[in-house]
Structures are given as structure tokens and as C-alpha cells.
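**Student:** one predicted model, sequence on top.
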Amino acid sequence: MARLELNGKQYELPEVVGSEGERAVDISALRNNTGYITLDEGYGNTGSCQSTVTFIDGENGILRYRGIPIEELAEKSTFVETAYLLIWGKLPTLQELEDFSQLLTKNEMLHEDMKYHFEGFPTHAHPMAILSAMINAAGCFVPKLLAPGDELFVIQAARLISQVRTIAAFSYRKSLGLPIIYPKPAYKYTANLLHMMFSEPYQDYELLPEVVQALDMIFLLHADHEQNCSTSTVRMVASSRANLFACASAGVCALWGPLHGGANQAVLEMLEKIHQSGDNGSKFIEQAKDKRSGKRLMGFGHRVYKNYDPRAKIIKKKCDQLLDAMHWNDPLLDIAKRLEEAALNDPYFLERKLYPNVDFYSGIIMRAIGIPINMFTVMFSIGRMPGWISNYKEILDNKEGRIYRPRQIYQGPVENRYVPIRERQ
Ligand code: ACO
């Protein structure tokens, strides 16, 4: 129990303890009892929900999905199996995994009429805008949208996970004016995406196992990250009982921003600029420390991790392995490593606990695979879909859940009168 003293009066506030020992003060009755609200701009100290999906210990660089460390999943699991784990809360049996994979395959095709929607976008449209619009549009092709406890949930979840990949590939082909390539049911999830993006009607794309595995791992590592900006957005929209497709579409928009998922695009653009300018990275580091420059070391820093992002460690290793396997010598990787080394020895970054995050090396892997920069955040969205769906499910399953509706402290003009236009100065 926490004690709060306000204007000489004492109040008791219940304590909530999480399964990993995280502690919170429950202030849900604060306004009713005291007339006060709490103010926490940017929500750095606000727990918006109690969740059973993902655990992060930012101080110690720990990330677990449903209790399983990310390192173990990256080594032993696949994206599809991890999606199942996140959404249903347990690892699937062989049969359950097989059924889920089949459901993904069954739902991979878009309704043929959706092809006309793609034609309406200008070729220079950002694929994240197309993705968000088309995910929402995909909801129009579902005969019945979900209600709480609905048995259709499993089908719609599979449909969304499967179709987000088809939409992503179609929007990529559209941006290049290339013919659309349909999915191949015989291919597994990530191989199928690469096929839809890079095959031609006259020639199948050669699937290198190292490439498929690296991209699958990127999806797995991005699959959830508790209450980040886009997941909180999905939960916020879901709390109004909006449908799954509308919620996921909102999540894509939130993810697009350069301070969130858009950082993977921003990192590559930053590395390219440094490379073109002939700087070895040291000039840029100085600029990133100077607030007046308006520059930041993209791919560094995290609201929650005050230590090395565990995903960044895994991705860095995978990046070295893939580039070796492809005999690819990327000068941007050398710049990234130099920037990392410089930052990790610089008091500015050390004092602020700024370490590489998941976006710092993922772009180099995607570039080696041949994925264009403006598709990077789309890849992130594909990976994050199971996390959004798991969080959507928690909202839907919580019968006592209320609509999300934060309050504010108003700082605008006090009561004022309307002045007719001719009398205004
Ligand atoms: N480069 C230089 N300085 C930085 C950086 C950076 N990448 N990140 C934070 N700082 C500095 C800030 O200027 C601030 O300095 P000050 O204390 O002297 O004012 C201090 O570190 C704290 O930064 P905040 O912005 O308050 O940290 P916050 O938790 O709000 O932001 C964020 C976290 C958005 C990730 C930030 O670190 C950032 O902009 N990083 C670069 C973008 C990025 O890589 N985003 C991806 C995040 S991971 C993801 O979404 C998947």
C-alpha cells in the first residue's frame, strides 16, 4: 500500500505487483477520491494495462515473449511458431502448428477486387501509406467483423498475418510498375514473401536458405515489444471495439514515424549520407551530440532499454553471418560498426544510456537481401502483426475493459467571449 498526502489529507493507494516483480501504484480511484489526476507526458511512468504477452527488463537488456527469452526463440523457433506463441500464449504442438500454417496458406490470397485499389495509388506513394490503407480495406472483404469471444478470431488473425505479406509484396511490385506475383501455397511464410516480391512471371526467384532464415529472424525479433507507440495505438483503437483490421491499420500509421519503426529507414539513410560525404563517422557523432544540429544517431537509444537492446545483439551477429554467406562487403556495415564503437566509448552516449536498438543493424540485412529502403518499415509491420493481434485479443477478451480515455491538464485561455468579426482588432 502506498500513502499519498495531498493538502494535509492522507490517502492510501493499492500496490500492484507483476509476475516478474514490477511494481505499480494503482491510481485508478485517485480522481474520484482526491480530485487530482496524474500527469506523465510521454507516459514514461504510466502502466496503461496489465498484460501477459511480453516482458521487458530494460535495465538488464531482457526481452521475453510469453516468458521465453528472445535469444532462445531466435535460435530455435520460426516467425510463424512465435506468432502462435504470442497470440495463443503457448508453444503449439506439431499438429497445432501445422493447422496454423495451413490456415495462413488458405488465407494468403487477396480478394481479386483489391487489385483495383492498388491501381489508385500514385507510383511514388510510400508503401506504409499503401499498407495501412489496404489493411483497412481488407477488413471490408471480411463477411463479418469480430465480436468479443468470437470463434472467427482465429481465422481473422491468420488472414491478417498472411495478407499483410501479400499486400506488402503487391505494393512493392506496384511501386516499380512490375506485374503482380501471386503467392505459392507450397512455400512457407517468409519464402513466399520473397517469392512474391522478387520472382518474375517468367522466372522464379532463387531462394537462398540463409536469406530466408535471416528475414524470418527479423520478423521474429520484431514480433512484439509490449506497450510501444504502435501497440498502444492498437490497444487504444481496440478499446473502442473497432475491428481488428482497423486497429492494425492504425498500428501501421503509428509505426511509420521515424522515432519508432521508421527508424530502420532513417538509419540506412543516415549511413548512406555519411558514406557519400566521406566522413568516417566521427563528424556525424559530434553533430548527433549537438542539439542545435537537429540530428540524432538513428538506431541508438530506447525509451525502455537503458542497456544493449537484446535484439540488436542477435541482429548484429546475423548481419555478419549473412554478409559472409553472400560474400558481400558492405561499406555501410563498416560505418555502422565504427559509429557504434565511437558511441559506446563516448561519455555523451554512456551518460544517457544510449545503446544500439533493433533498427541499427536490421537495415543492413534488408539491404543485402535487396529490399529497398522505403520497404524497411513495411517489413517491421509484417513482423509486428502477431504482437498487435495478441494485444488486440487481450482487449477483446477483457470483459471488464473500458474505453481508453486519458485526461489532460488544460493550459489554454480561460473562459472568453465570442467577438463578432467586425469588432475584432
Ligand atoms: N542520438 C543523440 N542523442 C540522443 C539520441 C540519439 N539517438 N536518443 C536520445 N538522445 C538524447 C536526447 O537528446 C536527450 O538528451 P538530454 O537529456 O541532454 O536532453 C536524452 O538522450 C534522452 O532522450 P529522449 O528523447 O528524452 O529519450 P526518449 O526515451 O524520449 O526517446 C528514442 C527514445 C525516441 C528512441 C530516442 O532515443 C531516439 O530518438 N532515438 C533515435 C531514433 C530511433 O532509433 N528510434 C527507434 C527506437 S526503437 C523502435 O521504435 C523500434
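**Tutor:** Done, it's in.

**Student:** in stretch 236-249, what counts as buried?
**Tutor:** Met236, Val237, Ala238, Ser239, Ala242, Asn243, Leu244, Phe245, Ala246, Cys247, Ala248, Ser249 (16 or more other Cβ atoms under 10 Å). Just so you know, the C-beta spots here come from the backbone N, C-alpha and C atoms, and that holds for glycine as well.

**Student:** so what's the gap between that stretch and the chain middle?
**Tutor:** Stretch 236-249 sits 16 Å away from the centroid of its parent chain (Cα atoms, centre = their mean, to the nearest Å).

**Student:** return the backbone torsion pair for the closest residue to Asn60 other than its chain neighbours.
**Tutor:** Counting by Cβ to Cβ, 6 or more residues apart in numbering, Asn60 lies nearest to Asn307, which is 6.2 Å off, once chain neighbours are set aside. Torsion angles at Asn307 (phi, psi; degrees, to the nearest 10) stand at phi -160, psi 180.

**Student:** picking that back up, just the ones of the buried residues of stretch 236-249 in helices?
**Tutor:** Mapping the buried residues of stretch 236-249 onto helices (DSSP state H) picks out Met236, Val237, Ala238, Leu244, Phe245, Ala246, Cys247, Ala248, Ser249.

**Student:** those residues: which two are farthest apart?
**Tutor:** Farthest apart among those by Cβ to Cβ are Met236 and Phe245. That separation is 15.7 Å.

**Student:** as JSON lines, the buried residues of stretch 236-249 with distance to Ile155 would be great.
**Tutor:** Below are these laid out as JSON lines (distance: Cβ to Cβ, whole Å):
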{"residue": "Met236", "distance to Ile155": "25"}
{"residue": "Val237", "distance to Ile155": "21"}
{"residue": "Ala238", "distance to Ile155": "18"}
{"residue": "Ser239", "distance to Ile155": "23"}
{"residue": "Ala242", "distance to Ile155": "18"}
{"residue": "Asn243", "distance to Ile155": "13"}
{"residue": "Leu244", "distance to Ile155": "11"}
{"residue": "Phe245", "distance to Ile155": "13"}
{"residue": "Ala246", "distance to Ile155": "17"}
{"residue": "Cys247", "distance to Ile155": "16"}
{"residue": "Ala248", "distance to Ile155": "15"}
{"residue": "Ser249", "distance to Ile155": "18"}
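
**Student:** closest to Phe219 among those?
**Tutor:** Ranked by distance to Phe219 (Cβ to Cβ), these are led by Ala248 at 15.3 Å.

**Student:** which ones are touching the residue in the stretch 1-150 of the chain that the ligand sits nearest to?
**Tutor:** Of the stretch 1-150 of the chain, the residue with the smallest distance to the ligand, taken as Cβ to the nearest ligand atom, is Gly42 at 6.0 Å. With contacts defined as Cβ atoms under 8 Å, 6 or more residues apart in numbering, the neighbours of Gly42 are Arg303.

**Student:** and Pro413, by the same measure?
**Tutor:** Pro413 touches nothing, counting by Cβ under 8 Å, 6+ apart.

**Student:** correct me if wrong: Gln156 contacts Leu244.
**Tutor:** Yes - using Cβ atoms under 8 Å, Gln156 is in contact with Leu244, at 5.5 Å.

**Student:** with only the CA atoms kept, save stretch 209-225 in PDB.
**Tutor:** Only the C-alpha atoms of stretch 209-225 are listed here, as PDB (Å, rounded to 0.1, in the frame of the first residue of the first chain):
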ATOM      1  CA  PRO A 209      18.200 -20.600 -47.200                       C
ATOM      2  CA  GLU A 210      20.400 -18.000 -45.400                       C
ATOM      3  CA  VAL A 211      18.400 -15.200 -46.800                       C
ATOM      4  CA  VAL A 212      15.000 -16.700 -45.900                       C
ATOM      5  CA  GLN A 213      16.300 -17.500 -42.400                       C
ATOM      6  CA  ALA A 214      17.700 -14.000 -41.800                       C
ATOM      7  CA  LEU A 215      14.400 -12.300 -42.900                       C
ATOM      8  CA  ASP A 216      12.400 -14.800 -40.800                       C
ATOM      9  CA  MET A 217      14.500 -14.000 -37.800                       C
ATOM     10  CA  ILE A 218      14.000 -10.200 -38.400                       C
ATOM     11  CA  PHE A 219      10.200 -10.800 -38.300                       C
ATOM     12  CA  LEU A 220      10.500 -13.000 -35.200                       C
ATOM     13  CA  LEU A 221      12.600 -10.300 -33.400                       C
ATOM     14  CA  HIS A 222      10.100  -7.600 -34.200                       C
ATOM     15  CA  ALA A 223       7.000  -9.700 -33.300                       C
ATOM     16  CA  ASP A 224       6.200  -7.900 -30.100                       C
ATOM     17  CA  HIS A 225       7.600  -5.300 -27.800                       C
END
